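Participant: heads up, no residue letters with this:
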C-alpha cells in the first residue's frame, strides 16, 4: 500500500486502488461466510440440545454431558461476538490507513457498507434467548411456569455496575446459566415439540422510555442526590412505542435508621388522560367504579387511589415538569415464580433533555429531539436487585472482573448533571471522581454488539438495521461527561462513603499523643536551660527545637490525614516514625553526654577546691 503514494500516474493509481477494493471485497465475503456458518453451527447445536432437554433426564452423566454442550455453545457465542468486534475495528483501521496513504475518503462509504454486511447484523439476541431457555429447561424441566406479572410495588436492595460494550454478550451468558431471561408475555423454557423449529428471531430485550419530573429549583434532584429521608422521584414510563397506556411511578428513599426500605410504587393510566391528570383537571376517583366492577380488591383500589392522589398533589404543589427522558434496551433476568433475585442490563441508552414546550395538547415532547440535547451513554448498566441475601453465583459474577462498580449511579441524576449542570448546586459524585473517562477523539470508532458508535463531530452514525427502528427518534450526540474528561480509560467510581466518627477521633488521638510526647521533651529542655550551665543550656535548646519541629510536622500530618479520610484516600505516615525514633535516640545520647560533661566538670572543680 505504501507504493500508492509514490505513483504519479492517475490511471495507475486508480488501478492500485481498485485492486485494494477488490481484495477488500474478497475478505469481506470470506468474513461473512465464516460468521454465518458459525451462526448456523451454533443454531443447529442449540436446536439439537433443545429437543434433548425436553425429555426427562434421570441419568446424571447425560445431564452433565448436555450441560457441557450448552456451555460450549455459550463459549462459541462469546468468541463470535469478540471476533466480529475485532474484525470490524481492524477493517476500519485498514481503510483509514489506505485513506491516509492514497488521499481518498473511503472510510465514509465503507462504514455505510458495513451496515449491510451480514457479520455486522448477527442476531445475538435470539441466540442468547434460546440459550437461556435451554439452560432453564435442563435445570427446571419443561413444565410451563406461567407468565410473569410485574408487582405494583418493589421493595428491594439494588447494586449497580457498568459493563463495557465488548463484555455485554459475555456477561449475559454468565447470568443466564443461573437465571433465565425474562420476556414479558413469554413462558420460560423450551415449549416446542419435537417437530417444531426453534425460533431464533425473538429479541431478549425490550425498549423502555422514562420521563422524569422536577421543578426549576431541582428539588427532586437535590433530595435524591443528598439521599434525604423521604426524598421522592416521579417519572412516567412506557414499554416499546408510546401507546394507549403508561405507568406513573414514584420512588421513595428511606435511610437505614428508618424502619422502612426504599420502595417504588406505580399505577397504570391511559395516555390520553395523562395531561389532564398532571394539570389536576382529572381525578383518579373517576375510574374507581370501573375498577370495582372489574373485580379489583378493595385494598388494592385504596392503595392505588392513595398513590394517584399523592403523586398528583406532589406534581401540582411542587410545580413539577418533564426535564429528563431516558430510553434504552433492557434485558431482564428473573424467575417468573419469584422476585427475590432480579438482574437487569440496560444498553443503547439515550439520556435526553426535555424541551420546555412539549407542543399543543401534549404533556411531553413526542417528536424529534435536537441532537445537542441527546446524550449517548456508551456503557451498559447492570442492576442486581435482591430481596434477601445474594446467592453464591451472584457473588461469583461480581468477582469475575467484567463489571465496573457503579455505586448509587442514577440515570436521572446523570442526566440532570450533564444537561443542567450550570443550574444545580452540586453534581453527582462520579463527575468529580472521573467515574467514566470514556471520551473518544474525533473520528474514532469502536464496535458494540448490535451497534456501531462513532466519535463526536465525525461522519454520520452507522447503526445496524435491527436496531435502527428503535432508535429512529433519538439522534446521536456522542458524549458522556463534560468536555474536561478527555482520557479513554475507564476507572471504577470512588463512591461517597459514610465516615465513621471513630476514624476521625483516632486521628485526633494521634495528634494528642504526639503533643504529650513533645510537651515532655520541651519540659526537659526548659529544665536544662534553667540550670545556668553552658552544656545543659545547649542541650535544652536542642530538645526544645526538636520538640517544636516535630509538633509542627505532626500538625501538618494531622491536616493531611484528615483530608485523606474525608476523600477516602489511603494514608500512611512513613516519615514520622523514622524521624521520631532517631531524634529520640539523639536527644537521649545528647542529654547523657552533657550530663556526663557537667558531672565531670563538677568533680574536677571539687578536686581543685580541695587542693
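Facilitator: Everything's here; your move. Because the structure is predicted, anything quoted here is derived from the model rather than measured.
Participant: could you pull out the strands for this protein?
Facilitator: 153-154, 157-163, 181-182, 206-214, 232-239, 245-252, 263-270, 321-333, 341-353, 374-377, 380-386, 404-405, 445-448, 451-454 (DSSP state E).
Participant: which of the ones you listed is buried the deepest?
Facilitator: Mean neighbour count (mean count of other C-beta atoms under 10 Å) peaks for strand 181-182 among the strands of the chain, with a mean of 24. In this view, the C-beta of every residue, glycine as well, is placed from N, C-alpha and C.
Participant: What is that strand packed up against?
Facilitator: Judged by 3 or more C-beta pairs under 8 Å, 6 or more residues apart in numbering; DSSP states H and E, strand 181-182 is in contact with helix 124-140, strand 321-333.
Participant: dump the residue contacts of residue 37.
Facilitator: Residue 37 sits next to no residue when contact means C-beta atoms under 8 Å, 6 or more residues apart in numbering.
Participant: Need the pLDDT of it.
Facilitator: Among the per-residue scores, residue 37 holds a pLDDT of 94.
Participant: Over to residue 466?
Facilitator: Confidence score, pLDDT, at residue 466: 34.
Participant: Relative to residue 362, which of the strands of the chain is closest?
Facilitator: Among the strands of the chain, strand 321-333 comes nearest to residue 362, with 9.9 Å by C-beta to C-beta.
Participant: For the closest one, give the mean pLDDT please.
Facilitator: So the average pLDDT for strand 321-333 ends up being 95.
Participant: repeat for stretch 410-424
Facilitator: 92.
Participant: Would you mark the buried spots in it?
Facilitator: Going by neighbour count (16 or more other C-beta atoms under 10 Å), the buried part of stretch 410-424 is 410, 411, 412, 413, 414, 415, 416, 417, 418, 419, 424.
Participant: ok, back up a step: closest to residue 525 out of the strands of the chain?
Facilitator: Nearest to residue 525, of all the strands of the chain, is strand 404-405, at 52.5 Å by C-beta to C-beta.
Participant: residues of stretch 31-49 that come out buried?
Facilitator: Quick answer for stretch 31-49 (16+ other C-beta under 10 Å): 31, 35, 38, 39, 42, 43, 45, 46, 47, 49.
Participant: isn't the fourth one right next to residue 122, touching?
Facilitator: Yes - the criterion here is C-beta atoms under 8 Å, and residue 39 meets it with residue 122 at 5.8 Å.
Participant: shared neighbours, these two?
Facilitator: With C-beta under 8 Å, 6+ apart, residue 39 and residue 122 have common neighbours residue 80.
Participant: And the pLDDT for residue 174?
Facilitator: Here, the pLDDT recorded for residue 174 equals 94.
Participant: Neighbours of it, how many?
Facilitator: 19 (other C-beta atoms under 10 Å).
Participant: Return the residues in contact with the residue nearest to the spatial centre of the chain.
Facilitator: In the chain, the residue lying closest to the centroid (C-alpha atoms, centre = their mean) is residue 162, at 3.0 Å. Taking C-beta under 8 Å, 6+ apart as the contact definition, residue 162 lies against 379, 380, 381, 382, 403, 404, 405, 406, 409, 436, 490.
Participant: what's the closest of the residues you listed to residue 320?
Facilitator: Nearest to residue 320 among these, with distances taken as C-beta to C-beta, is residue 409, at 22.7 Å.
Participant: Can you report phi and psi for the closest one?
Facilitator: When read as degrees, to the nearest 10, the backbone of residue 409 gives phi -70, psi 140.
Participant: so it sits right up against residue 160, yeah?
Facilitator: Yes - in this structure residue 409 lies within contact range of residue 160 using C-beta under 8 Å: 4.9 Å.
Participant: Quick check: neighbours shared by those two?
Facilitator: residue 381.
Participant: And the buried residues of stretch 410-424, which two are furthest apart?
Facilitator: 411 and 424 (15.7 Å).
Participant: Next, the contact list for residue 359, please.
Facilitator: With contacts defined as C-beta under 8 Å, 6+ apart, residue 359 is in contact with 365, 366, 367.
Participant: no, scratch that, I was asking about residue 576
Facilitator: 553, 554, 557.
Participant: from these, which single one is nearest residue 226?
Facilitator: residue 557 (31.4 Å).
Participant: hang on, isn't the closest one packed against residue 573?
Facilitator: Yes - using C-beta under 8 Å, residue 557 makes contact with residue 573 at a distance of 5.5 Å.
Participant: more crowded one of those two?
Facilitator: Neighbours were counted for residue 557 and for residue 573 using other C-beta under 10 Å; residue 557 has more, 18 against 15.
Participant: can you tell me how far the more buried one sits from residue 97?
Facilitator: 54 Å (C-beta to C-beta, to the nearest Å).
Participant: And residue 509, by the same measure?
Facilitator: Taking C-beta to C-beta, one finds residue 509 at 63 Å from residue 97.
Participant: Any chance of a markdown table for the contacts of residue 359, columns neighbour count, distance to residue 238 and pLDDT?
Facilitator: Below are these laid out as a markdown table (neighbours: other C-beta atoms under 10 Å; distance: C-beta to C-beta, whole Å; pLDDT from 0 to 100):
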| residue | neighbour count | distance to residue 238 | pLDDT |
| --- | --- | --- | --- |
| 365 | 19 | 14 | 88 |
| 366 | 10 | 11 | 84 |
| 367 | 9 | 16 | 84 |
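Participant: Just the ones of these in helices?
Facilitator: Applying DSSP state H to the contacts of residue 359, no entry is found in helices.
Participant: which stretches of the stretch 351-500 of the chain form helices?
Facilitator: Secondary structure of the stretch 351-500 of the chain by DSSP state H, counting those that start in this stretch: the helices cover 392-399, 411-419, 429-432, 465-471.
Participant: Give me the buried stretch members for the third one, please.
Facilitator: Neighbour-count burial for helix 429-432, counted by 16+ other C-beta under 10 Å, picks out 429, 430, 431.
Participant: what pairs with residue 263 across the strands?
Facilitator: For residue 263, the beta-bridge partners are residue 252 (DSSP bridges).
Participant: What distance separates the opening and closing residues of stretch 209-223?
Facilitator: Distance across stretch 209-223, first residue to last, is 23 Å (C-alpha to C-alpha, to the nearest Å).
Participant: average pLDDT for it?
Facilitator: Stretch 209-223 comes out at a mean pLDDT of 94.
Participant: Measure how far that stretch is from the centre of its chain, please.
Facilitator: 21 Å (C-alpha atoms, centre = their mean, to the nearest Å).
Participant: go on, stretch 229-247?
Facilitator: 21 Å.
Participant: cool, stretch 32-47 as well?
Facilitator: Distance, centroid of stretch 32-47 to centroid of chain: 32 Å (C-alpha atoms, centre = their mean).
Participant: Between the helices of the stretch 351-500 of the chain, which one is closest to residue 549.
Facilitator: Nearest to residue 549, of those and by C-beta to C-beta, is helix 429-432 at 35.7 Å.
Participant: Great, nothing more from me.
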